[in-house]
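Asker: give me a model of this one.
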Amino acid sequence: MKLGASRRRRMAGALLGAIGMIGVIAGCGSSSGSTTSSSAGSGPVKVSIFEVAQADVVTTLETAFKKELTAKLAGRTVSYSVSNANGDPSLIQSIARNLSRSSSSLIAVIGTPAVIAMAQQDKTHPIIALAMGDPVGGKVADSLDHPGRNVTGTIDFVDPAKLLGELAKVTPAPKRIGTIYDPSNENSQVWVAQLRTAIKARPGLALVESTVASAGDVQSAARSLVGRTDTILVGPDAAVASGIAAVGAVALSNKIPLYLTSGDATTSGVLATLGPSYANLGAQGADVAVKILGGAQPAATPFGRPGALEWGVNHSTLGALKVTLPSAAMG
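Answerer: Just a heads-up that it's a prediction; the model follows:
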């Protein structure tokens, strides 16, 4: 993926796991009543989009979702309303309550806190989660293949084993991978546990962990990795994402390659992002929504998964490091 595309993966907080910003609400429906199977057919479709915060990746998901859904429903009248809580917990709950009473055909939600709040408030409307990290861990679905409730959609969780497979193609290949995370973040717990398992399956590769309790700890956590690791890999974590510039500064000054599973590759010190295409995940979410609008039940409609990983490379950082990236990263 080119550098411009990497900007679309910027996250304000954590890969949509726990974004914390402050902002405004736009177009939140408040009419009474709700609908599920009545959406099937050829009548008008009212789609409510609920965003947890403002971020480039959120815009990418929303734009791709609306474009694909409108195209797939050609011939039908499709209207959209957008509500943005910008990370305000009280506003997230307020929007969820309002949308649960709306006459929307379905509700598309971006951001784990918003999905969870929506699922708690509303057991009737179909809820399409776009690029959620861990629906099962978030207790909004029984499983990815059989959600069992009124929430389905797409996930952006990337198997760490896939990431390690790509990093193994880097020259020189990493021997000690450091990671920084907040152990209270549920998405991070799942991701780091899988990272440990994936690293154990690769002889000669070691994991060095550094934890934080808040964004204020990120810089010191990054510094603690200096001398103990030759590569830093940051997964889906809100606290670390909000302080990624500090991690980049430490990494660059110590000539340590820094990779992100999501974020902005233009951040100083970041070598590359390596993660899913959020445009594709938004379009996949629209495909799921079309199935629901056609009469499928969310409880029996599987979540869409990420496709091939995409690279976003910071060529300025690359020029400062003695690292050769695989051809897939440079194409």
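Asker: the helix-or-strand element of the chain with minimal mean pLDDT: what's the following helix or strand?
Answerer: Ranking every helix and strand in the chain by mean pLDDT, DSSP states H and E puts helix 3-7 at the bottom, with a mean of 42. Later in the chain than helix 3-7, the nearest helix or strand by DSSP states H and E is strand 45-51.
Asker: got a list of contacts for that next one?
Answerer: Applying C-beta atoms under 8 Å, 6 or more residues apart in numbering, the contact partners of strand 45-51 are 28-29, 39, 58, 62, 65-66, 69, 73, 76-85, 95-96, 99, 102-111, 114, 118, 289, 293. From N, CA and C alone the C-beta is placed, and that goes for glycine too.
Asker: could you flag which of those residues are buried?
Answerer: 28-29, 39, 58, 62, 65-66, 69, 73, 78, 80-85, 95-96, 99, 102, 104-111, 114, 118, 289, 293 (16 or more other C-beta atoms under 10 Å).
Asker: so which of those are in strands?
Answerer: Using DSSP state E, the members of these that fall in strands are 78, 80, 81, 82, 83, 84, 106, 107, 108, 109, 110.
Asker: correct me, but the last one touches residue 130?
Answerer: Yes: judged on C-beta atoms under 8 Å, residue 110 makes contact with residue 130 at a distance of 4.8 Å.
Asker: mutual contacts of these two, please.
Answerer: Shared contacts of residue 110 and residue 130, counting by C-beta under 8 Å, 6+ apart, come down to 61, 62.
Asker: quick check: residue 247 touching residue 222?
Answerer: Yes: counting by C-beta under 8 Å, a contact exists between residue 247 and residue 222, whose distance comes to 4.4 Å.
Asker: shared neighbours of these two, anything?
Answerer: 180, 232.
Asker: what sits against residue 151?
Answerer: Taking C-beta under 8 Å, 6+ apart, we find residue 151 in contact with 115, 118, 119, 127, 129, 135, 140, 141, 298.
Asker: ugh, wrong one, residue 64
Answerer: 278, 279, 280, 281, 282, 283, 286.
Asker: out of the residues you listed, which sit inside helices?
Answerer: Counting by DSSP state H, the part of these found in helices is 278, 279, 280, 281, 282, 283, 286.
Asker: select from these the one having the most neighbours.
Answerer: Ranked by the number of neighbours (other C-beta atoms under 10 Å), those place residue 278 first, at 31 neighbours.
Asker: how much space between that one and residue 144?
Answerer: Separation of residue 278 from residue 144 (C-beta to C-beta, to the nearest Å): 18 Å.
Asker: ok, residue 207 next?
Answerer: 26 Å.
Asker: pretty sure residue 311 is in a strand, no?
Answerer: Yes: the assignment for residue 311 (DSSP: H, G, I helix; E, B strand; the rest coil) places it in a strand.
Asker: give the burial count for it, as a bare number.
Answerer: Per other C-beta under 10 Å, the neighbour tally for residue 311 reads 22.
Asker: next up, the contacts around residue 146.
Answerer: Contacts of residue 146 (C-beta under 8 Å, 6+ apart): 299, 300, 302.
Asker: filter those residues to the buried ones?
Answerer: Neighbour-count burial (16+ other C-beta under 10 Å) is assigned, among the contacts of residue 146, to residue 302.
Asker: nearest to residue 182 among the contacts of residue 146?
Answerer: Nearest to residue 182 among the contacts of residue 146, counting by C-beta to C-beta, is residue 302 at 29.6 Å.
Asker: which of the three states applies to the residue nearest to that closest one when sequence neighbours are not counted?
Answerer: Distance criterion C-beta to C-beta, 6 or more residues apart in numbering; nearest residue to residue 302, sequence neighbours excluded, is residue 145 at 4.8 Å. What three-state DSSP gives for residue 145 is coil.
Asker: for residue 158, state which of the contacts of residue 151 is nearest.
Answerer: Closest to residue 158 out of those is residue 135 (14.9 Å), distances taken as C-beta to C-beta.
Asker: okay, residue 327 and residue 169: tell me how far apart.
Answerer: Counting by C-beta to C-beta, the gap from residue 327 to residue 169 is 9 Å.
Asker: can you check residue 267 too?
Answerer: From residue 267 to residue 169 the distance is 23 Å (C-beta to C-beta).
Asker: neighbour count: the two, which is higher?
Answerer: The residue with more neighbours, out of residue 267 and residue 169, is residue 267; 19 against 13, by other C-beta under 10 Å.
Asker: surely that one is in a helix?
Answerer: No: according to three-state DSSP, residue 267 belongs to no helix; its state is coil.
Asker: phi and psi next, for the residue nearest to residue 302.
Answerer: phi -80, psi -30 (degrees, to the nearest 10).
Asker: can you start the count at 39 instead of 1 from here on
Answerer: Done: numbering now begins at 39, and the last item shifts to residue 183.
Asker: residue 266 is in contact with residue 246, correct?
Answerer: Yes: Residue 246 is within contact range of residue 266, at 5.0 Å (criterion: C-beta under 8 Å).
Asker: can you pull the residues that touch both of the two?
Answerer: 214, 216.
Asker: which residues touch residue 193?
Answerer: 167, 169, 170, 171, 172, 173, 182, 341, 342, 343, 344.
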